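Peer 1: The following comprises the amino acid sequence and a computationally predicted model.
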Amino acid sequence: MLIDTSRVVAVRCPQCGRLELHDCSLFELHSRKPTIIRCLCGYVLVKIGRHSRLYRLHIGCIVCETQHEILVDAKNVIRNDALVLFCPESDIDLAIIGRGERVQELLAAEGDLLANVV
């Protein structure tokens, strides 16, 4: 059985408003070295590190104008087609992580989930 290890992280930049889609592999995410995703404007959108069986994501929030730390079980990233990550304060969509096709479907179906926060 082959396992698809590629994932896409979709996140909107709090600084310039640009929607960024970043391809990464589960191996990259599971590495001891944090994965850092930057916007074209240079802003650090997401920093993903591993903590035991969890991914620790630091994501910039447009509404709170701060960085949120979100813990996600690595199994959820592997097993689910896509996960929508929410701001813990305002419940807005911060990011989507998942298989490329499903992330694109979610963005298209909702008229860009992440556009609702700009």
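Peer 2: That came in fine, so what should we check first? Residues are numbered from 1 along each chain as shown.

Peer 1: Output the helix or strand bottoming out on mean pLDDT in the chain in PDB with nothing but the alpha carbons.
Peer 2: The least trusted helix or strand in the chain, going by mean pLDDT, DSSP states H and E, turns out to be helix 26-30, with a mean of 86. This file holds the C-alpha atoms of helix 26-30, laid out as PDB (Å, rounded to 0.1, in the frame of the first residue of the first chain):
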ATOM      1  CA  LEU A  26       5.000  14.400   5.900                       C
ATOM      2  CA  PHE A  27       8.700  13.600   6.200                       C
ATOM      3  CA  GLU A  28       9.600  17.300   6.200                       C
ATOM      4  CA  LEU A  29       6.900  18.000   8.800                       C
ATOM      5  CA  HIS A  30       8.100  15.100  11.000                       C
END
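
Peer 1: in it, what's buried?
Peer 2: Neighbour-count burial for helix 26-30 flags 29-30 (criterion: 16 or more other CB atoms under 10 Å). Yep, even glycine has a C-beta here, placed from its N, CA and C like the rest.

Peer 1: Stretch 60-68 now?
Peer 2: 60-62, 68.

Peer 1: Report the two of the residues you listed separated the most.
Peer 2: I62 and H68 (11.0 Å; CB to CB).

Peer 1: Can you tell me which helices and strands the helix of greatest length in the chain packs against?
Peer 2: In the chain, assigned by DSSP state H, the helix with the most residues is helix 100-109. On a contact count with 3 or more CB pairs under 8 Å, 6 or more residues apart in numbering; DSSP states H and E, helix 100-109 meets strand 6-12, strand 19-25, strand 82-86, strand 93-98.

Peer 1: can you rerun that using 6 Å?
Peer 2: strand 6-12, strand 82-86 (3 or more CB pairs under 6 Å, 6 or more residues apart in numbering; DSSP states H and E).

Peer 1: what number of residues lie near L2?
Peer 2: Neighbours of L2 under the rule other CB atoms under 10 Å: 4.
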